[in-house]
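Asks: turn this into a structure:
(one chain, ligands or ions: 1)
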Amino acid sequence: MAKMWDARFSKAENKRVNDFNSSISFDSRMFYEDIEGSIAHATMLGKCGIIATEESEKIVAALRQIRDDIESGALPIDPEAEDIHMFVEEVLTARIGDSGKRLHTARSRNDQVALDIRLYLKKEIGEIRALVLDLLSVIVKVAKENADAVMPGYTHLQRAQPVTFGHYMLAYAQMFIRDDLRLKETLARTSVSPLGSGALASTTYPIDRHLVAELLELGGVTENSMDGVSDRDFLIELAFDLSLVMMHLSRFSEEIILWCTNEFSFIELDDAFSTGSSIMPQKKNPDIAELVRGKTGRIYGDLTTVLTMMKGIPLAYNKDMQEDKEAIFDAVDNAKLCLELFASMLDTLTVKRDNLRRAASGGFINATDCADYLAQKGLPFRDAYRVSGRLVAYCIENKTDLESLSLDTYKEFSPMFENDVYEAVNLDNCVNRRTVYGGPSKESVERQIKIVNAYIDAQK
Ligand code: ARG
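Replies: Numbers count the residues shown, from 1 in each chain. Predicted structure coming up:
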């Protein structure tokens with residue numbers, strides 16, 4: 001195909017150069033946004049009297065037809081085209097002749113591509129946020145069902161203090177709420193129109209940038225034409241937001257992987273979300289969780305790609321910036337897959353409450369409560385802590401636990417122990433006495449559930 005710029009050039013482009021330069025294989029996925037942007041631009045050109053109204057209408061009608069034809073498959077995308085912008089313009093001109101050639105008046109591919117990627121990511125952020133909210137709903141459901149399922153909480157992966165499975169789930173809810181808030185902010189910075197920035201120095205035509213923004217339902221226009229064409233911060237921000245989403249999903253996946261081992265046996269994954277082994281008949285593997293954990297690295301890679309790609313670019317547009325697309329598309333595609341599959345996996349897993357309880361009974365996770373009991377009776381906490389430590393050592397030596405010791409044994413360690421010590425070390429009491437705001441007690445978990453639900457509703 002002849003190049004748009006063959007008037008200035010005396011040699012045809014080398015085939016290898018064309019392939020190297022071309023971005024059509026990946027930017028064709030922005031065809032819809034490219035055409036929407038062009039429709040808004042053509043409408044504005046007509047309204048401002050820069051081209052004739054009939055011409056503007058003709059362009060808009062033809063663009064709509066091109067959009068429909070690409071959608072229906074009637075118009076296949078030419079893999080030899082340089083990029084989606086050139087392809088659409090070439091088809092337009094082939095279809096309506098000179099009118100098509102007027103579309104690019106007062107516009108450059110530099111502000112065009114900057115607009116397209118913003119429109120495209122705006123749509124994607126909306127979809128990603130919906131998936132995050134779906135995941136939050138599943139987390140709340142699981143938390144509600146297990147609000148009183150006592151289990152050990154860990155530090156250093158050693159049993160530490162009692163919590164409930166519900167409280168555990170709601171810790172993740174908070175992470176995903178923060179993720180959603182970040183996405184919401186990124187969306188606001190993405191939904192701005194750079195069109196009218198031109199190649200870098202705007203244009204001499206009397207265009208109306210605000211009208212274009214309005215037609216495209218964007219929140220406003222960029223303030224500086226050089227920044228307008230060369231800013232990709234919003235895209236890098238999104239890659240970062242998604243990296244955090246993935247980091248949270250990856251930690252959660254790691255818990256799931258541990259919890260389905262025989263060693264923990266806290267949960268069982270639904271058969272539909274596990275895989276078997278080709279040699280070991282007994283295996284039921286948590287592949288989904290492992291893949292989510294694995295893909296986290298790849299999305300960090302995408303973030304590093306776009307950050308590094310931008311760091312040495314002088315103002316304004318440089319072709320390096322074409323490299324932003326594959327990275328951000330990869331991050332978006334994979335984060336969406338992970339969010340969706342993780343939520344379904346979580347929704348269908350079985351919590352083995354008896355095993356949670358057994359694990360909670362085994363690790364002296366009420367030793368702090370035993371110390372608190374003595375402290376409440378007047379012993380300074382540091383002394384109480386030592387008594388409780390000696391009791392734990394005694395229990396380990398005699399293969400027993402704090403719930404099973406006789407009162408006489410307790411009294412050997414401190415005369416302050418009375419019958420009510422059994423209430424103090426009872427696991428349910430240990431949890432439910434932690435009524436502090438943000439704590440694991442039943443009422444606190446119920447309050448947390450209300451807060452998360454209110455957040456979800458407020459976003460709809
Ligand atoms: N395919 C290009 C990109 O993704 C479009 C902009 C081209 N602009 C240019 N001056 N070569 O960045």
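Asks: would you map the strands across the stretch 151-300 of the chain?
Replies: In the stretch 151-300 of the chain, the strands defined using DSSP state E, counting those that start in this stretch lie at 158-164, 267-268.
Asks: going by neighbour count, list what's buried in the longest one.
Replies: By that I understand strand 158-164. Using 16 or more other CB atoms under 10 Å as the test for burial, strand 158-164 gives 159-164. All C-beta atoms are positioned from the backbone trio N, CA, C, and that covers glycine.
Asks: pipe the strands of the stretch 151-300 of the chain into a markdown table and attach distance to residue 248 and mean pLDDT per row.
Replies: Formatted as a markdown table, the strands of the stretch 151-300 of the chain follow (distance: least, CB to CB, whole Å; pLDDT from 0 to 100):
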| stretch | distance to residue 248 | mean pLDDT |
| --- | --- | --- |
| strand 158-164 | 18 | 94 |
| strand 267-268 | 18 | 96 |
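Asks: so which of those gets nearest residue 260?
Replies: Of all those, it is strand 267-268 that lies closest to residue 260, at 5.8 Å by CB to CB.
Asks: what are the pairing partners of the closest one, and which direction each?
Replies: The pairing partners recorded for strand 267-268 under DSSP bridges are strand 350-351 (antiparallel).
Asks: ok, back up a step: tell me which of the buried residues of strand 158-164 is nearest to the ligand?
Replies: Set against the ligand, the nearest of the buried residues of strand 158-164 by CB to the nearest ligand atom is residue 163 (49.2 Å).
Asks: now do the contacts for that closest one.
Replies: 150-153, 431, 440 (CB atoms under 8 Å, 6 or more residues apart in numbering).
Asks: shaky segments in this protein?
Replies: By pLDDT under 70, the low-scoring segments of the chain are 1.
Asks: contact residues of it facing the ligand?
Replies: Selection of the chain residues close to the ligand by CB under 6 Å from any ligand atom yields 23, 27, 83, 109-110, 113, 317, 319, 321-322.
Asks: widest-spaced pair of those residues?
Replies: Comparing every pair within these by CB to CB identifies 27 and 317 as the most remote, at 14.7 Å.
Asks: nearest residue to residue 264 other than its sequence neighbours?
Replies: Among residues not flanking residue 264 along the chain, residue 258 sits closest, at 5.5 Å (CB to CB, 6 or more residues apart in numbering).
Asks: can you pull the contacts of the residue of the stretch 351-460 of the chain found nearest the ligand?
Replies: Per CB to the nearest ligand atom, residue 459 is where the stretch 351-460 of the chain lies closest to the ligand, at 31.9 Å. For residue 459, the contacting residues are 129, 133, 180, 184, by CB under 8 Å, 6+ apart.
Asks: three-state assignment of the second one?
Replies: Secondary structure assignment for residue 133 (DSSP: H, G, I helix; E, B strand; the rest coil): helix.
Asks: hang on, it packs against residue 180?
Replies: Yes - between residue 133 and residue 180 there is a contact under CB atoms under 8 Å: 6.8 Å.
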